[in-house]
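turn this into a model:
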Amino acid sequence: MGKQNVRVAVVQAAPILFDKESAFQKIEKYSFEARQHGVKLLVKKDNVIFKS
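Purely as a prediction, here's the structure:
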């Protein structure tokens with residue numbers, strides 16, 4: 001197998017407390033921006049969204 005380069009990024013952004021919809025929109029925004037820069041693996045640090 002040959003080597004393959006993969007672009008990886010980490011996002012550290014403040015969560016939006018008690019607003020699940022806005023939190024998902026923020027994650028979607030950063031995911032879209034990362035994809036535009038060729039990122040194949042995006043790690044979102046310190047974010048937990050609970051189902052209510």
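
rounded mean pLDDT for stretch 27-46, please.
The pLDDT scores in stretch 27-46 average 89.

which other residues reach that stretch?
Residues from elsewhere that reach stretch 27-46 (Cβ atoms under 8 Å, 6 or more residues apart in numbering): 6-13, 15, 47. (Glycine included, C-beta is placed from N, CA and C.)

and of the residues you listed, the nearest to A23?
P15 (5.9 Å; Cβ to Cβ).

if we can go back for a sec, make a ChimeraX selection of whichever of the contacts of stretch 27-46 turn out to be buried.
The command below creates a ChimeraX selection of those among the contacts of stretch 27-46 that count as buried (16 or more other Cβ atoms under 10 Å):
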select :9,11
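
distance of the residue lying farthest from the centre of the chain relative to L41?
Largest separation from the mean C-alpha position in the chain: M1, at 29.3 Å (Cα atoms, centre = their mean). M1 is 18 Å from L41, where distance means Cβ to Cβ, to the nearest Å.

how about N5?
Distance from N5 to L41, by Cβ to Cβ: 12 Å.

more neighbours: those two, which one.
Higher neighbour count among N5 and L41: L41, with 10 against 7, using other Cβ atoms under 10 Å.

next one: phi and psi at the more buried one?
phi -130, psi 120 (degrees, to the nearest 10).

do the same with V10
phi -120, psi 130.

contact partners for it?
Counting by Cβ under 8 Å, 6+ apart, the residues that V10 touches are 42-45.

about what we covered before: the residue farthest from the centre of the chain and G38, how far apart?
In terms of Cβ to Cβ, M1 sits 22 Å off from G38.

could you pull out the helices for this structure?
Remark: helices assigned in the chain by DSSP state H are 20-36.

from K3, how far off is S31?
In terms of Cβ to Cβ, S31 sits 26 Å off from K3.

good, wrapping up.
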